[in-house]
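J.: Provided below are the primary sequence and the corresponding predicted coordinates.
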Amino acid sequence: MAPSPFPPPTVPESWATRKRRWKINLYPAFRGSGSRVTHFAHDDSDVRVRLPLCWRNRNLLGTIFGGALYAAVDPFYMLMLMSRLGSDYVIWDKAASIHFRRPGRSTLYARFTLDPNETATIRQLLETERSIDRRYEVDLVDEAGEVHASVEKVIYLRKR
């Protein structure tokens, strides 16, 4: 297994987040992309994904299929926010865009992070707004740290 370009996690996994990681990795739509969650911090502040080039996600040109690149990063900001905010909030993916920068010819990695103050900011904004949209970005990088794809996610949030 190639080394990740990111520093080792500083926030450990808990049994609950380890179980969540296993469930996501077994989910057929995610598993089919060849992706694997390698770390899910116990406070949902840091999630890491590994996407190796394999027979499941190789396209006709021998690179990682664009759909697999997106599938590797699709649910995580929504899941992280759902866990951090709780059931008093409605949270949905609203939009996404992906910018392909270079072909994926090796294992790619993504790291999702949420600022510790993000949930407080969201709660404060939703005191005066009916709903809000928050934008998050994540890059898929190789072990040298070169960006192969950039994804922007728009998450819709409102109080129940």
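T.: Perfect, thanks for sending it.

J.: For the helix or strand hosting Thr119, give the mean pLDDT please.
T.: Taking DSSP states H and E as the criterion, Thr119 maps to helix 118-128. Taken as a whole, helix 118-128 has a mean pLDDT of 96.

J.: Measure how far it is from the centre of its chain, please.
T.: Its chain's C-alpha centre and that of helix 118-128 lie 22 Å apart, by CA atoms, centre = their mean, to the nearest Å.

J.: where exactly do the strands run in this structure?
T.: Remark: strands assigned in the chain by DSSP state E are 36-40, 46-51, 89-100, 108-113, 131-141, 147-159.

J.: Tabulate those (JSON lines), appending mean neighbour count.
T.: Where you see a C-beta, it was placed from the backbone N, CA and C, and this is true even at glycine. Below are the strands of the chain laid out as JSON lines (neighbours: other CB atoms under 10 Å):
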{"stretch": "strand 36-40", "mean neighbour count": "21"}
{"stretch": "strand 46-51", "mean neighbour count": "22"}
{"stretch": "strand 89-100", "mean neighbour count": "14"}
{"stretch": "strand 108-113", "mean neighbour count": "22"}
{"stretch": "strand 131-141", "mean neighbour count": "16"}
{"stretch": "strand 147-159", "mean neighbour count": "18"}
